[in-house]
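Asker: output the structure for:
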Amino acid sequence: MVTYIETLDFGRVRVIKRRGSRSMRIAVSQTGEVRLSIPYRISTDDGIKFLNEKKNWIIKHKSEPTYLEDGAQIGNNHTLKILVSKNSKTTSKIIGNQIIVNMPEDTMIDDVQKKLEQISKKLLKNEAESVLPQKIKSLANEHGYKIRDVSIKPLQSRWGSCSTEGDIVLNSFLMQLPYDLVLYVMFHELAHTLHHNHGDGFWNEVKKNIPDYKNKKVLLKKYPTKIFDMRESARFVS
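Answerer: Numbers count the residues shown, from 1 in each chain. Prediction:
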């Protein structure tokens, strides 16, 4: 059974009573609607008390916009286009420079975010694979570094790595960084082909190609190793 109640703090709340349910649950829809699911035997008044106990959580999720939303810029070339549909499943396709995502209308915010991140991470990785390996190989040839292989991965805690055998891994999230920081990361990993530590010899090698590497090192820390709307990137370097 579905009913609606008006509350002072949360506005209109959708109350869903379910037979067989054992606990109360709160969710916020994609449109910001608060939804309260309660067991059939629980009164609406008890449900309202539960809402008030979770007031901070509800306000946080109602007031914070989704991390990725319609119009978000993903990588250098693509824009998210989010459409609400009556389908039961989320679908996506790429047409030109748009990532078109069809979401069921009752999808919860957390589920929306998870799906958009999955789609965006896949596209960003494809974009990175088409650009980054060729670029670092070109830099290696131009500056006399020897590398064995280059791969792209969505790393969570570093921008790149280099093995003692010369295998370099670059973070697919590099595609969201300014070009000068991408070059800094590449020369950082190329320097590791000669120095497998962060001693003075290593940093002197980096300095040969990136004279202001200390500044680049500081700026790099302002960017997250995750998907974000590149229209908002200015806030990371302010």
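
Asker: in the chain, which residue sits furthest out from the middle?
Answerer: Within the chain, Arg41 marks the point farthest from the mean C-alpha position, 40.5 Å out by CA atoms, centre = their mean.

Asker: and the helix or strand bottoming out on mean pLDDT in the chain, what does it pack onto?
Answerer: Taking mean pLDDT, DSSP states H and E as the measure, the helix or strand of the chain with the lowest value is helix 55-63, at a mean of 76. Judged by 3 or more CB pairs under 8 Å, 6 or more residues apart in numbering; DSSP states H and E, the packing partners of helix 55-63 are strand 25-28. To be clear about C-beta, it is placed using only N, CA and C from the backbone, and glycine gets the same treatment.

Asker: pairing partners for the strand it packs on, with directions?
Answerer: Strand 25-28 pairs in its sheet with strand 34-39 (antiparallel), by DSSP bridges.

Asker: buried set for the helix or strand that the strand it pairs with is followed by?
Answerer: Moving toward the C-terminus from strand 34-39, the next helix or strand (DSSP states H and E) is helix 44-53. Buried residues in helix 44-53, counting neighbours by 16 or more other CB atoms under 10 Å, are found at Gly47, Ile48, Phe50, Leu51.

Asker: going by neighbour count, list what's buried in the longest helix seen in the chain.
Answerer: Counting by DSSP state H, the longest helix found in the chain is helix 109-143. The neighbour-count check on helix 109-143 (16+ other CB under 10 Å) flags 109, 111-113, 115-116, 119-121, 123-125, 127-129, 131-133, 136-137, 139-140 as buried.

Asker: care to break this protein down by domain?
Answerer: Domain ranges of the chain: 2-63, 73-119, 125-236, per automatic domain parsing.

Asker: average pLDDT for the second one?
Answerer: Domain 73-119 shows a mean pLDDT of 84.

Asker: what of the last one?
Answerer: For domain 125-236, the mean pLDDT works out to 92.

Asker: Leu220 touches Tyr184, doesn't it?
Answerer: Yes: counting by CB atoms under 8 Å, Leu220 does reach Tyr184; the two are 6.8 Å apart.

Asker: who has more neighbours out of those two?
Answerer: Tyr184 (22 against 19; other CB atoms under 10 Å).

Asker: which residues does the more buried one contact?
Answerer: Val206, Ile210, Tyr213, Lys216, Lys217, Leu220 (CB atoms under 8 Å, 6 or more residues apart in numbering).

Asker: picking up where we left off before, and the residue farthest from the centre of the chain, how far from Lys54?
Answerer: 20 Å (CB to CB, to the nearest Å).

Asker: what of Leu83?
Answerer: 31 Å.
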